[in-house]
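Requesting a structural model of the entry that follows:
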Amino acid sequence: MKHYRYRRLIFILAGLLFLWFAGSAWPDSGKGPVPAKQGPAADGAFRLGKTDRCPVCGMFPLRRPKHAAAMVLNDGRAFYFCSNGCLLRAWHLAAVHLGVSSDAIAQLTVLDYFSGAPADARKVWWVAGSDVVGPMGRAIVALRTPKEVEAFRDRHGGSAAFRLDQLDDSRFNSIFSIQ
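So this is what the prediction gives:
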């Protein structure tokens, strides 16, 4: 398990170095990552573009759209993420990843694991530590109901189930240490 964590750390550091030197994910203004060309549609459907990049890791969400997530800020800027894990990192540490306070976040949209339909990230249940793998390794999945959480955990395990409003610093550190 330690070997996996070191590989993931090296991967993340390599991605950050790539972003540092390539500079394509960050504008020259120094005010954070480049927003998506189009935000989610009114029904929540993602409109991923070829140049949209995850502001946390630099991946292209269009390459794995079933794992994508979206955030819209109060000023209308939208960002797509390669995974729910990157969305949660940006939500929890908005100043670090987006250069804004968490109060600037208007909308968070994820894809329900079972249906693939867009869902409000503030209303879903989250499961971490399962056997489901996404673009960043072990996935954090979004589910609409406690019944779905139970069905998911029966099939895939999961060491933590939580709501977004329960994601404080302690839980955040615990969840991301098990990934």
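
use CA for all of it now, contacts and neighbours both
Will do.

which residues in this structure form strands?
Listed in chain order, the strands of the chain (DSSP state E) span 69-73, 78-81, 105-111, 118-120, 125-130, 133-134, 137-138, 141-143, 157-163.

what's the first one packed up against?
The contact analysis (3 or more Cα pairs under 8 Å, 6 or more residues apart in numbering; DSSP states H and E) places strand 69-73 against strand 78-81, helix 84-92, strand 105-111.

With Asp120 as the reference, name the closest of the ones you listed.
Closest approach to Asp120 among the helices and strands packed on strand 69-73 (Cα to Cα): strand 105-111, 4.9 Å.

List the buried residues for that closest one?
Residues of strand 105-111 classed as buried by neighbour count (16 or more other Cα atoms under 10 Å): Ile105, Gln107, Leu108, Thr109, Val110, Leu111.

List the contacts of the residue nearest to the first one when sequence neighbours are not counted.
Spatial nearest neighbour of Ile105, chain neighbours left out: Leu73 (4.4 Å); criterion: Cα to Cα, 6 or more residues apart in numbering. The neighbours of Leu73, taking Cα atoms under 8 Å, 6 or more residues apart in numbering as the test, are Ala104, Ile105, Ala106, Gln107.

again, but for Pro40
With contacts defined as Cα under 8 Å, 6+ apart, the neighbours of Pro40 are Phe46, Arg47, Ala70, Ala78.

and what of Leu108?
Ala69, Ala70, Met71, Val72, Asp120, Ala121, Arg122.

Pro61 is nearest to which of the helices and strands packed on strand 69-73?
So among these, strand 78-81 is nearest, using Cα to Cα, at 5.9 Å.

Ala36 against Tyr80, yeah?
Yes: assessed by Cα atoms under 8 Å, Ala36 is found in contact with Tyr80 at 6.7 Å.

Looking at these two, which has the bigger crowd around it?
Higher neighbour count among Ala36 and Tyr80: Tyr80, with 34 against 23, using other Cα atoms under 10 Å.

rewinding a little: give me the buried subset of the contacts of Leu108.
Using 16+ other Cα under 10 Å, the buried members of these are Ala69, Ala70, Met71, Val72, Asp120, Ala121.

which residue packs closest to Arg153, ignoring adjacent ones?
Excluding the flanking residues, the one nearest Arg153 by Cα to Cα, 6+ apart is Ser130, at 7.5 Å.

let me fix that: Gly158
Nearest to Gly158 is Ser130, by Cα to Cα, 6+ apart, at 3.9 Å.

and the one you found, bridged to which residues?
Beta-bridge partners for Ser130, by DSSP bridges, are Gly157.

Spatially central residue in this protein, please.
Central residue of the chain (Cα atoms, centre = their mean): Leu87, 2.4 Å from the mean position.
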